[in-house]
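Engineer: Kindly generate the corresponding structure for this input.
(one chain, ligands or ions: 1)
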Amino acid sequence: MVELMLRRLSPSSGVEQGGTATLFSCSGISLDLGGREILREINLHVQAGEVLGIIGPNGAGKTSLFEILSGRMPPKSGTVWFKGENVTSLPLHSRSRLGIGRTFQTPVVPDELTVGETFKAARQAYRPFLTKFDAEYGADLVGLKISEDTPAMQLDTFNRRKLLLACLLMRRPSLLLLDEPAAGLINSEVDEIDKLLRMLAKEMDVAILIVEHRIELLGMIADRILVMDAGEVISEGLMDDVMADPKVHAAYFEDFSEEADA
Ligand SMILES: Nc1ncnc2c1ncn2[C@@H]1O[C@H](COP(=O)(O)OP(=O)(O)OP(=O)(O)O)[C@@H](O)[C@H]1O
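Structural biologist: All right, here's what the predicted structure looks like:
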């Protein structure tokens, strides 16, 4: 009992941090793959309605971190907390049920299904099964205006991203893990994603962790930025502050000079 209380009151449990209720957090996350250290002692936290942007040069470990936070991969060590509970050992589908939704860099849609069938499969993916109204709610939120009979494979990148996001949103998640949601989009589409994410966070209180290379998008929507390099967090804070951090300059500058030398 005492241990449980300590767990609940511990800052790393994410219940109370800096005077604000933390919805989701991780502490001491490390990961090895193929005999290499990929992540080392990562800590982060996010509260309801907050947008945390994650940036870093290629290979910094951002996607690997999302694999762990979403439950697709176990860490070597460390803990993931959601709504005050330790969810480190829960797989992806169990975390989805609790209210964690994740999107991927590449918006892969089902080969053989239409838009309507994709929604149906998502509605029935796990209990509680959802209704057509839930699917319409998700489609309305993202502004998806495509006939149900359209094969999902025929959708362009933007509508694929919208379809996949709608399938997540119809479950009313309280946390979204978004891996480069603007990749492959043109500027007007990025603006639409920007508005949608702001609405989800600020009007619907959804917490968002977003990995994104487009600094201008993050500058508009992120409340805080966390910068990763070579598997570690090297800077954290407001966008202007992290961009002025010499460690961040060094991480990007060294990467670019290595690319130029190659
Ligand atoms: N299955 C794996 N086995 C071995 N190494 C891996 C594996 N997956 C990723 N890595 C390595 O882990 C490191 C981090 O990769 P990761 O994709 O997480 O970085 P990232 O920051 O998301 O990069 P990008 O911005 O290019 O998407 C890279 O060096 C990558 O080569």
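Engineer: From now on I want contacts and neighbour counts done on CA atoms only, so please keep to that.
Structural biologist: OK.
Engineer: show me what contacts the closest residue to D134 other than its chain neighbours?
Structural biologist: Closest residue to D134 in three dimensions, ignoring its sequence neighbours and counting by CA to CA, 6 or more residues apart in numbering: M170, at 5.3 Å. M170 makes contact with D134, A135, Y137, G138, according to CA atoms under 8 Å, 6 or more residues apart in numbering.
Engineer: what pLDDT does M170 get?
Structural biologist: As predicted, M170 sits at a pLDDT of 95.
Engineer: In this structure, where is pLDDT below threshold?
Structural biologist: Filtered on pLDDT under 70, the chain yields the residue ranges 1-20, 255-262.
Engineer: where does it come near the ligand, residue by residue?
Structural biologist: L33, G34, I38, P57, N58, G59, A60, G61, K62, T63, S64 (CA under 6 Å from any ligand atom).
Engineer: Helices of the stretch 151-262 of the chain, residue ranges please.
Structural biologist: Along the stretch 151-262 of the chain, the segments classed as helices by DSSP state H, counting those that start in this stretch run 157-169, 187-202, 215-221, 239-243, 246-261.
Engineer: The fourth one packs against which elements?
Structural biologist: Contacting helix 239-243 under the criterion 3 or more CA pairs under 8 Å, 6 or more residues apart in numbering; DSSP states H and E are the following elements: strand 224-229.
Engineer: follow-up on the earlier one: need the residues of the chain next to the ligand in JSON lines (columns: distance to Q124, neighbour count and secondary structure).
Structural biologist: Shown next, in JSON lines, are the residues of the chain next to the ligand (distance: CA to CA, whole Å; neighbours: other CA atoms under 10 Å; DSSP: H, G, I helix; E, B strand; the rest coil):
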{"residue": "L33", "distance to Q124": "34", "neighbour count": "10", "secondary structure": "strand"}
{"residue": "G34", "distance to Q124": "36", "neighbour count": "6", "secondary structure": "coil"}
{"residue": "I38", "distance to Q124": "35", "neighbour count": "19", "secondary structure": "strand"}
{"residue": "P57", "distance to Q124": "38", "neighbour count": "19", "secondary structure": "coil"}
{"residue": "N58", "distance to Q124": "36", "neighbour count": "14", "secondary structure": "coil"}
{"residue": "G59", "distance to Q124": "36", "neighbour count": "13", "secondary structure": "coil"}
{"residue": "A60", "distance to Q124": "36", "neighbour count": "20", "secondary structure": "coil"}
{"residue": "G61", "distance to Q124": "33", "neighbour count": "22", "secondary structure": "coil"}
{"residue": "K62", "distance to Q124": "30", "neighbour count": "25", "secondary structure": "helix"}
{"residue": "T63", "distance to Q124": "27", "neighbour count": "17", "secondary structure": "helix"}
{"residue": "S64", "distance to Q124": "28", "neighbour count": "18", "secondary structure": "helix"}
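Engineer: Quick one: the strands in the protein, in order.
Structural biologist: Along the chain, the segments classed as strands by DSSP state E run 24-33, 36-46, 51-55, 77-82, 85-86, 100-103, 175-179, 207-211, 224-229, 232-237.
Engineer: The ones you listed: which one's closest to L163?
Structural biologist: Distance to L163, taken as CA to CA, is lowest for strand 100-103 among the strands of the chain, at 10.9 Å.
Engineer: Any chance you could list what contacts the closest one?
Structural biologist: Under CA under 8 Å, 6+ apart, the answer for strand 100-103 is 70, 164-165, 168-169, 173-179, 181.
Engineer: what do you get for stretch 228-241?
Structural biologist: Identification of contacts with stretch 228-241 by CA under 8 Å, 6+ apart yields 37-43, 54-57, 59-62, 219, 223-227, 242, 245, 247-248, 251.
Engineer: go on, stretch 47-59?
Structural biologist: So stretch 47-59 is contacted by 20-24, 46, 62, 174-175, 200-213, 218, 221-230, 251-252, 255 (CA under 8 Å, 6+ apart).
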